[in-house]
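S.K.: Any chance you could fold what I've pasted below:
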Amino acid sequence: MHKRDYLVKQFEEFSKVLAIFLGLKRDGKFSELSELINESVLKYTSTEIKYIEGLKDDGFIETLTDDKKLSDDQLKILADLVFEKGNYYSTIPSTENESHNCYKKSLLLYTFLISHATLNYSLDMHYKIEILRKMKY
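M.R.: Predicted coordinates:
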């Protein structure tokens, strides 16, 4: 029960972070958004966003699950953060490759979670998968 309480608290806290993301995007504070994404990846997954972005697509999931030992819950949070980082890059001219890299990695994570994870159904995750599959990268 203690672990469940911790996870619920972590998801509630992360929901607040996502709300802050929306406010920063709305206000056009993209450098602050990027910094918050970086801090959140470190806080919730104990990894660095640059490390995640630098991983090759082949073996990406295995590195996160086997080497980094990230749980399904951490992978879901990471998928959301990498998706947001892709959105951030899409606002900056000449970072199209970085944006596509993040979107592709978030799609890999979401697809893995849908097919292998023990998470509850997430309409948001299915919506993002559909968006990502329609993108050209």
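S.K.: Please name the nearest non-neighbouring residue to Thr95.
M.R.: Spatial nearest neighbour of Thr95, excluding adjacent residues (CB to CB, 6 or more residues apart in numbering): Tyr89 at 4.3 Å. (C-beta placed from N, C-alpha, C; glycine too.)
S.K.: what's the neighbour count on that neighbour?
M.R.: Number of residues near Tyr89 (other CB atoms under 10 Å) recorded here: 21.
S.K.: List the backbone torsions phi and psi for it.
M.R.: Tyr89 has phi and psi values of phi -60, psi -30 when expressed as degrees, to the nearest 10.
S.K.: can I assume it is in contact with Ser106?
M.R.: No: using CB atoms under 8 Å, Tyr89 makes no contact with Ser106, being 11.8 Å away.
S.K.: what sits against the residue nearest to Thr95?
M.R.: Going by CB atoms under 8 Å, 6 or more residues apart in numbering, Tyr89 touches Thr95, Glu96, Glu98, Ser99, Cys102.
S.K.: mind redoing it with 7 Å?
M.R.: By CB atoms under 7 Å, 6 or more residues apart in numbering, the residues touching Tyr89 are Thr95, Glu98, Ser99, Cys102.
S.K.: Surely Thr47 touches Lys68?
M.R.: Yes: taking contacts as CB atoms under 7 Å, Thr47 lies within contact range of Lys68: 6.1 Å.
S.K.: ok, of the contacts of Tyr89, which come out buried?
M.R.: For those, a burial check counting by 16 or more other CB atoms under 10 Å picks out Glu98, Ser99, Cys102.
S.K.: Go through these and name the one nearest Lys85.
M.R.: Cys102 (4.7 Å; CB to CB).
S.K.: mind checking which helix or strand the closest one is in?
M.R.: Counting by DSSP states H and E, the element that carries Cys102 is helix 96-116.
S.K.: Show me what that helix is packed up against.
M.R.: Counting contacts by 3 or more CB pairs under 7 Å, 6 or more residues apart in numbering; DSSP states H and E, helix 96-116 packs against helix 49-54, helix 60-62, helix 72-89, helix 123-134.
S.K.: If we use 6 Å, what do you get?
M.R.: helix 72-89, helix 123-134 (3 or more CB pairs under 6 Å, 6 or more residues apart in numbering; DSSP states H and E).
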